[in-house]
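Undergrad: got a predicted structure plus its sequence, pasted below:
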Amino acid sequence: MIEIKETDIIAAVETGGHKAFLELFFEEYRKVFADGYTAEAMQSLSFDQHVVHAYDLLIRELDEEGFVGMAQNGYTPYFFGNPFARKFKEFGLVKTSKLMYKAQDIYEANKKDLERDKDEEEFVASFETYEAFDPIEEEILELQESEMEILASYVDEHIEEFAHIIK
């Protein structure tokens with residue numbers, strides 16, 4: 001079980017607000033996958049914890065290489081093989097959810113090419129080939145501030161589902 005000290009939560013909220021609050025959870029979930037997405041690591045988080053981790057991973061991947069990079073890094077099955085878009089909506093991330101469904105449509109139509117091993121030249125060319133991802137990526141990143149505030153509220157209201165809080 002993920003454990004977070006109550007004093008760390010209070011300090012995070014006082015100094016960095018909802019972003020710092022969520023970062024406590026993000027950091028703990030990243031530690032779970034420090035050695036990769038093994039079966040053991042995958043089973044150590046609940047599905048709701050995976051959803052929070054997926055949001056963190058989504059933002060980091062989109063900020064670096066977008067959906068094209070996500071596919072090359074092997075993360076697309078994690079996102080599109082699970083009902084994260086539906087759960088994002090349930091957590092209140094309605095706009096991100098809708099955008100993930102759009103991205104999934106593009107991904108599903110091009111899955112074989114997106115996931116095949118590519119050399120550097122092919123990889124770089126993929127960004128032009130799949131430029132339909134660009135506005136989706138940009139919008140998700142633009143929504144990050146407001147969506148993180150919503151996610152932080154959800155986590156705070158259901159905190160026992162995301163970590164054991166040590167008093």
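TA: Structure's in. What do you need? Residues are numbered from 1 along each chain as shown.

Undergrad: buried sites along stretch 72-83?
TA: Going by neighbour count (16 or more other CB atoms under 10 Å), the buried part of stretch 72-83 is Gln72, Tyr75, Thr76, Tyr78, Phe79, Phe80. For the C-beta atoms, the positions are set from N, CA and C on the backbone; glycine is no exception.

Undergrad: typo on my end, it should be stretch 111-120
TA: Neighbour count says stretch 111-120 has Leu114, Lys118 buried, by 16+ other CB under 10 Å.

Undergrad: so what touches it?
TA: Contacting residues not belonging to stretch 111-120 are listed as Phe67, Val68, Ala71, Gln72, Gly74, Thr76, Tyr107, Ser126, Thr129, Tyr130 [CB atoms under 8 Å, 6 or more residues apart in numbering].

Undergrad: of all pairs in these, which one is the farthest apart?
TA: Pairwise distances across the contacts of stretch 111-120 peak at 19.0 Å for Gly74 and Thr129 (criterion: CB to CB).

Undergrad: of the contacts of stretch 111-120, which is the most crowded?
TA: Tallying neighbours with other CB atoms under 10 Å puts Phe67 at the head of these, with 29 neighbours.

Undergrad: coming back round to it: make JSON lines from the contacts of stretch 111-120 and add secondary structure, pLDDT and distance to Gly36 to it.
TA: Output for those, formatted as JSON lines (DSSP: H, G, I helix; E, B strand; the rest coil; pLDDT from 0 to 100; distance: CB to CB, whole Å):
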{"residue": "Phe67", "secondary structure": "helix", "pLDDT": "98", "distance to Gly36": "21"}
{"residue": "Val68", "secondary structure": "helix", "pLDDT": "97", "distance to Gly36": "21"}
{"residue": "Ala71", "secondary structure": "helix", "pLDDT": "95", "distance to Gly36": "18"}
{"residue": "Gln72", "secondary structure": "helix", "pLDDT": "94", "distance to Gly36": "16"}
{"residue": "Gly74", "secondary structure": "coil", "pLDDT": "92", "distance to Gly36": "10"}
{"residue": "Thr76", "secondary structure": "helix", "pLDDT": "92", "distance to Gly36": "16"}
{"residue": "Tyr107", "secondary structure": "helix", "pLDDT": "97", "distance to Gly36": "22"}
{"residue": "Ser126", "secondary structure": "helix", "pLDDT": "97", "distance to Gly36": "24"}
{"residue": "Thr129", "secondary structure": "helix", "pLDDT": "97", "distance to Gly36": "29"}
{"residue": "Tyr130", "secondary structure": "coil", "pLDDT": "98", "distance to Gly36": "26"}
